[in-house]
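1. Give me the fold of what follows.
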Amino acid sequence: MRRRNLMTVLAGAAAYPLLAGAQQKAIPVIGFLGSTSPGPYAPFVAAFRQGLSETGYVEGRNMAIEFRWAEGRYDRLPALAADLVDHKVDVIAASGGEVSALAAKNATSMIPILFIAGDAVAAGLVASLARPGGNLTGVSILADELMAKRLELLSALAPQARVIALLVNPNPPGIAERFIRGVQEAARAKGVVQLYILKAGTESEIDAAFATLAQLQARALVVGGDPFFNSRREQLVALASRHAVPAIYGVRENVAAGGLISYGASLTAVFRQLGIYAGKILKGAKPADLPVQQPTTFELVVNLKTAKALGLTVPPSILARADEVIE
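-> Residues are numbered from 1 along each chain as shown. This next block holds a predicted model:
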């Protein structure tokens with residue numbers, strides 16, 4: 001072989017690995033936008049990964065996840081969503097309620113967005129549940145509709161409580177006010193004599209709200225299903241115990257931490273469904289073609305130890321319907 005031909009062959013062989021590497025498609029990246037903190041949401045992130053694995057995607061093997069956490073500072077969400085868009089992620093999983101979903105929606109109309117929301121249509125996320133349209137879909141957990149049932153359960157547990165307080169996160173105002181109106185309507189329908197609205201968007205404001213609750217002599221408490229409250233379950237449970245107030249929550253994790261009772265969708269099941277949808281989108285599905293999912297079952301969880309500490313007798317009707325009884 002002539003020297004010139006030999007050098008050409010060697011140069012081509014040396015360049016081949018670089019060309020092959022350049023032609024390989026980078027693994028897809030999911031942007032995970034959380035409104036709270038990673039610690040309390042670890043079980044839900046694990047469920048999200050499980051849903052992805054059921055569609056054939058494993059983090060670190062054939063996909064990656066970029067996490068952005070607002071640490072309860074909802075005002076940080078728009079910048080975090082914009083950062084994920086700048087990183088050109090393939091999908092955004094807006095896991096922190098309607099406020100996260102709206103931040104993501106305002107940041108991009110091109111990247112597929114998955115959400116977990118109370119009322120996706122009322123929040124303006126989708127046109128309808130069956131035909132979401134646009135670049136968003138996800139799971140609607142019927143948070144507002146469940147409030148009447150929570151008030152009914154709380155009244156059965158604490159029948160003497162005619163004055164009840166509602167703890168709600170005032171941020172953002174539009175979502176909070178819609179939620180408050182729904183609870184007020186449910187309270188009137190259930191014959192609640194008086195419903196006090198307590199607002200808290202920080203740890204210190206939660207402490208202040210419980211101090212106000214004691215001054216108002218409210219005999220029971222409904223904790224709103226806000227992601228921030230889900231992340232502060234230890235604080236909420238401790239304060240409810242200290243003030244000896246029966247409280248009902250939206251998720252079982254609060255009851256597992258020592259809360260009295262919860263009724264609502266399983267967040268682990270919801271996050272698993274979000275992971276399944278993320279996998280489908282990575283395989284080419286369009287958000288507009290994926291109907292917004294709704295839970296078909298709801299968990300009723302009761303903590304008998306907490307009930308005993310509060311001097312409450314759990315009615316047999318609640319025990320018979322409970323999906324889980326913690327003793």
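2. Against Arg150, how distant is Leu157?
-> Distance, Leu157 to Arg150, by C-beta to C-beta, to the nearest Å: 11 Å. To be clear about C-beta, it is placed using only N, CA and C from the backbone, and glycine gets the same treatment.
3. overlap in contacts of these two?
-> Residues touching both Leu157 and Arg150 (C-beta atoms under 8 Å, 6 or more residues apart in numbering): Ile248.
4. just the strands in the stretch 1-150 of the chain please.
-> In the stretch 1-150 of the chain, strands defined by DSSP state E, counting those that start in this stretch lie at 29-34, 64-69, 91-94, 113-117, 136-140, listed in chain order.
5. now for the second one, which elements pack on it?
-> Right, the one you point to is strand 64-69. Strand 64-69 sits against strand 29-34, helix 77-86, with contacts defined as 3 or more C-beta pairs under 8 Å, 6 or more residues apart in numbering; DSSP states H and E.
6. Tell me which of those is the most buried.
-> Mean neighbours per residue, mean count of other C-beta atoms under 10 Å, is largest over the helices and strands packed on strand 64-69 for strand 29-34, with a mean of 24.
7. neighbouring contacts of that strand?
-> Strand 29-34 has contacts (C-beta under 8 Å, 6+ apart) with 41, 45, 48, 52, 63-70, 77, 80-81, 84, 87-96, 100, 103-104, 111, 227, 278, 282.
8. re earlier: closest to Leu198 out of the helices and strands packed on strand 64-69?
-> For the helices and strands packed on strand 64-69, the distance to Leu198 is smallest for helix 77-86, at 23.5 Å, taking C-beta to C-beta.
9. by contact count, what packs against the closest one?
-> For helix 77-86, the elements it packs on are strand 29-34, strand 64-69, strand 91-94, helix 98-107, judged by 3+ C-beta pairs under 8 Å, 6+ apart.
10. Just checking: what are the partner strands of the third one?
-> It refers to strand 91-94. Note on strand 91-94: by DSSP bridges, its sheet partners are strand 29-34 (parallel), strand 113-117 (parallel).
11. Using JSON lines, please lay out those together with distance to Val139 and mean pLDDT.
-> Formatted as JSON lines, these follow (distance: least, C-beta to C-beta, whole Å; pLDDT from 0 to 100):
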{"stretch": "strand 29-34", "distance to Val139": "15", "mean pLDDT": "98"}
{"stretch": "strand 113-117", "distance to Val139": "5", "mean pLDDT": "95"}
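12. Including distance to Pro246, could those strands go into CSV?
-> Shown next, in CSV, are the strands paired with strand 91-94 (distance: least, C-beta to C-beta, whole Å):
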stretch, distance to Pro246
strand 29-34, 30
strand 113-117, 27
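13. so where do the helices sit in the stretch 201-327 of the chain?
-> Ranges of helices in the stretch 201-327 of the chain, per DSSP state H, counting those that start in this stretch, are 203-216, 227-231, 233-242, 252-256, 267-282, 304-309, 316-321.
14. who's in contact with the fifth one?
-> Think helix 267-282. By C-beta under 8 Å, 6+ apart, the surrounding residues in contact with helix 267-282 are 28, 30, 43-45, 47-57, 63, 90-91, 93, 95, 112, 114, 116, 137-139, 141, 230, 251, 253, 287, 290, 293, 295.
15. For that helix, output the C-alpha coordinates as CSV.
-> Output of helix 267-282 as CSV, limited to C-alpha atoms (Å, rounded to 0.1, in the frame of the first residue of the first chain):
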residue,chain,number,x,y,z
LEU,A,267,-50.4,10.4,45.7
THR,A,268,-48.1,7.4,45.0
ALA,A,269,-50.6,6.1,42.4
VAL,A,270,-51.0,9.6,40.9
PHE,A,271,-47.2,10.0,40.5
ARG,A,272,-46.9,6.5,39.1
GLN,A,273,-49.5,7.5,36.4
LEU,A,274,-47.5,10.7,35.7
GLY,A,275,-44.5,8.5,35.1
ILE,A,276,-46.4,6.3,32.7
TYR,A,277,-47.5,9.3,30.8
ALA,A,278,-44.0,10.6,30.7
GLY,A,279,-42.8,7.3,29.2
LYS,A,280,-45.5,7.4,26.6
ILE,A,281,-44.5,10.9,25.5
LEU,A,282,-40.9,10.0,25.3
